[in-house]
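Novice: With the input below, show me the fold.
(chains A and B)
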There are 2 protein chains.
Amino acid sequence: MSLAPARTAEIDAWLGEARAWADRELDRLLPPPGAEPRRVHEALRYAVFGGGKRLRPAIVRLVGAHFGGTEREAALCAAAVECVHTYSLVHDDLPCMDDDDLRRGRPTVHRVFGEAVAVLAGDALLTHAFALVARTGPLAGELVGVMAEAAGAAGMVGGQDLDLEATRGADHVADATEVARIHELKTATLIAASAEMGAIAARARASERIAAQRYGLALGRCFQAVDDILDVTGDAATLGKTPGKDEAAGKATLVAALGLDGAKKRAKELAAEARAAAEGLGAVKGDLAYDLVTHLLQRRA
Amino acid sequence: MSLAPARTAEIDAWLGEARAWADRELDRLLPPPGAEPRRVHEALRYAVFGGGKRLRPAIVRLVGAHFGGTEREAALCAAAVECVHTYSLVHDDLPCMDDDDLRRGRPTVHRVFGEAVAVLAGDALLTHAFALVARTGPLAGELVGVMAEAAGAAGMVGGQDLDLEATRGADHVADATEVARIHELKTATLIAASAEMGAIAARARASERIAAQRYGLALGRCFQAVDDILDVTGDAATLGKTPGKDEAAGKATLVAALGLDGAKKRAKELAAEARAAAEGLGAVKGDLAYDLVTHLLQRRA
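Specialist: Numbers count the residues shown, from 1 in each chain, chains lettered A, B, ... in the order given. From the prediction side, this is the model:
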């Protein structure tokens, strides 16, 4: 299954527009440049405006629009989930964690601003994410609960812990089940939360919220599987990072667990599951939620 | 101004009861021991159950009771503010920050569990704090907003940044204004938020919420001034840490800025301001909110 070139261009355009929207909203909803404490805010904006795809905001927007939600609440949630995503990158890059010097082709936050400011900028971003969701008023309780569940020990924090454990066991190669668990916790839970928050912000029914959450989870799994494959097959220019980096670092990846062909096969299976989940949302071939899965499977960066 | 011995004993008993209540609620509201990810949760519980005074939960409870709030919502807020407080201690103790080996007489979290787990446990605690407040339902938006404001870059994160700057300037002694600003951001804002959250959880009116916030801020300033004095005058056994530690580390303290006598004079002035703020809450001499100020001024540990 593949997309016609015209459809690929349409989805690219939609993703580009969603990214520009997310960038504008983030700029508006983060403390202004120059705000005190100056170096923390500099570091925070350096991290946020570092060329991310804004996939999570795009998913909030897609699901929000699907259920007829308002732009204002979607924007708050979209900025919030991107803050959570960015905080996790800043903390994961720290010397005591993954010890990464480069992120999207630029020096990581602690390389530019020092470790103390990197820890503080991450803390500030995580906190600001909740401050933004708090502004949704009567929906805040549910939205904060969903986002906190995805970010916390049962979600992203737990995923990073598993990832560190798997990477440090030098003579241990994580199997496909372990890798799937790490992918789910580190990446897919926040994408699932993004979809669910889009649905909640649009006052979707409980059954629709569950369908949105399932769609985000399946899409997130597929997205991360493709990420692992691109680490091996991508080229530095389009990828913005050195290919083979995960492999060299002994990271727990789907390619390490299943080989490249096995990982490609698995990514296709995950894409099929994500398309089925899109159907659970009421989307069919030709609808954005459905075609986006194929688009993400085919991506080159 | 000092308290009669019988009144001191009464307030001690009340604080002891509030501490026991906070400990019970925290035990109930944190993930159970043994929950996955196991080492993050071990570190998290090690940090939380390390012998804290539970002053912030006590303030939530005091103000909540003052405005006739329910125990359930006060408990969620009390546990949440203690999680925020504990997260800040875990991150502030990190080698890249204050590099502390001991906290309340025990090895710090990163000394026991390693730096990566300490960062993650702090992140998990901060996130869990918001998850708890989310459970207050229709009040969650306001409560999360108040807590996030106190914890974020305009509050505790900003205070830690200022503190690091002031401590690192080796030939610079922070003056009383700088120290007051650090105290306000690092300590008093979360105590102010605790008081305000107690008032919000009790559905207090806007003017009452402001009075509660002012009381917490003044009490927090006075509390931190006394902390700086005790670092010099306290003895190791009652204090649970080595006296003179702040001084040796070149920390920005009120004693470094004003001398011991000047700091004592300032603490008394701050206590007078806190009593005036207690009156703003409708409390007079003989009421807990009022007498607590004098009690905290007289404390020895």
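Novice: do whichever helix or strand residue A:83 is part of and chain B meet at all?
Specialist: Residue A:83 is located in helix A:71-92, with elements delineated by DSSP states H and E. Yes - judged by Cβ under 8 Å from any Cβ of the partner chain, helix A:71-92 comes into contact with chain B at A:87, A:91. C-beta: built from backbone N, CA, C; applies to glycine.
Novice: What are the buried residues along that helix?
Specialist: Buried positions in helix A:71-92, judged by neighbour count with 16 or more other Cβ atoms under 10 Å in any protein chain shown: A:73-92.
Novice: could you give the mean pLDDT of that helix?
Specialist: In this model, helix A:71-92 has a mean pLDDT of 97.
Novice: Convert it to PDB, retaining C-alpha atoms only.
Specialist: Taking Å, rounded to 0.1, in the frame of the first residue of the first chain, the C-alpha atoms of helix A:71-92 are listed here in PDB:
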ATOM      1  CA  GLU A  71      -9.000  26.100  17.900                       C
ATOM      2  CA  ARG A  72      -8.300  27.800  21.200                       C
ATOM      3  CA  GLU A  73      -8.400  24.700  23.300                       C
ATOM      4  CA  ALA A  74      -6.600  22.600  20.700                       C
ATOM      5  CA  ALA A  75      -3.800  25.300  20.600                       C
ATOM      6  CA  LEU A  76      -3.300  25.100  24.400                       C
ATOM      7  CA  CYS A  77      -3.100  21.300  24.300                       C
ATOM      8  CA  ALA A  78      -0.900  21.200  21.200                       C
ATOM      9  CA  ALA A  79       1.600  23.600  22.800                       C
ATOM     10  CA  ALA A  80       1.500  21.600  26.000                       C
ATOM     11  CA  VAL A  81       2.200  18.200  24.500                       C
ATOM     12  CA  GLU A  82       5.100  19.700  22.500                       C
ATOM     13  CA  CYS A  83       6.500  21.200  25.800                       C
ATOM     14  CA  VAL A  84       6.300  17.700  27.400                       C
ATOM     15  CA  HIS A  85       8.000  16.200  24.400                       C
ATOM     16  CA  THR A  86      10.800  18.800  24.400                       C
ATOM     17  CA  TYR A  87      11.400  18.600  28.100                       C
ATOM     18  CA  SER A  88      11.900  14.800  27.700                       C
ATOM     19  CA  LEU A  89      14.500  15.300  24.900                       C
ATOM     20  CA  VAL A  90      16.400  17.900  27.100                       C
ATOM     21  CA  HIS A  91      16.500  15.600  30.100                       C
ATOM     22  CA  ASP A  92      17.200  12.400  28.000                       C
END
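Novice: Point out where chain A drops to low pLDDT.
Specialist: Per-residue confidence for chain A (pLDDT under 70) gives these ranges: A:169-171, A:236-243.
Novice: The same query, at a cut-off of 90, please.
Specialist: When residues are selected by pLDDT under 90, those of chain A lie in A:1-2, A:33, A:51, A:70-71, A:104-105, A:166-174, A:231, A:233-252, A:299-301.
Novice: What segments of it are strands?
Specialist: Ranges of strands within chain A are A:102-103, A:106-107, based on DSSP state E.
Novice: right, so those strands: which one is the most enclosed?
Specialist: Neighbour counts (mean count of other Cβ atoms under 10 Å in any protein chain shown) averaged over each of those peak at strand A:102-103, with a mean of 17.
Novice: So what are the sheet partners of it and their directions?
Specialist: strand A:106-107 (antiparallel) (DSSP bridges).
Novice: List the neighbours of the strand it pairs with that are in contact with it.
Specialist: Strand A:106-107 is contacted from outside by A:50-51, A:101, using Cβ atoms under 8 Å, 6 or more residues apart in numbering or on different chains.
Novice: Can you say which of the residues you listed are buried?
Specialist: Listed as buried from the contacts of strand A:106-107 are residue A:50; burial here means 16+ other Cβ under 10 Å.
Novice: which among the contacts of strand A:106-107 gets closest to residue A:123?
Specialist: Ranked by distance to residue A:123 (Cβ to Cβ), those are led by residue A:50 at 18.0 Å.
Novice: separation between that closest one and residue B:252?
Specialist: According to Cβ to Cβ, to the nearest Å, residue A:50 and residue B:252 sit 33 Å apart.
Novice: same thing with residue A:79?
Specialist: Distance from residue A:79 to residue B:252, by Cβ to Cβ: 34 Å.
Novice: next one: residue A:251
Specialist: On the measure of Cβ to Cβ, residue A:251 and residue B:252 end up 41 Å apart.
Novice: of the two, who's got more company?
Specialist: Applying other Cβ atoms under 10 Å in any protein chain shown to residue A:251 and residue B:252 shows that residue B:252 carries more neighbours, namely 24 against 19.
Novice: wait, doesn't that one sit right on residue B:176?
Specialist: No - counting by Cβ atoms under 8 Å, residue B:252 stays clear of residue B:176, with 10.0 Å between them.
Novice: Residue A:6: how many residues sit nearby?
Specialist: Neighbours of residue A:6 under the rule other Cβ under 10 Å: 7.
Novice: right, and residue A:128 touches residue A:35 too?
Specialist: No - using Cβ under 8 Å, residue A:128 is not in contact with residue A:35, being 11.5 Å away.
Novice: Show me the common contact partners of these two, please.
Specialist: Contacts common to residue A:128 and residue A:35, judged by Cβ under 8 Å, 6+ apart, are residue B:153.
Novice: Compare the two (neighbour count), which wins?
Specialist: Neighbours were counted for residue A:128 and for residue A:35 using other Cβ under 10 Å; residue A:128 has more, 27 against 16.
Novice: contacting residues for the more buried one?
Specialist: A:30-31, A:44, A:83, B:148, B:152-153.
Novice: try 6 Å this time
Specialist: By Cβ atoms under 6 Å, 6 or more residues apart in numbering or on different chains, the contact set of residue A:128 is A:83, B:152.
Novice: Look up how far residue A:136 lies from it.
Specialist: 14 Å.
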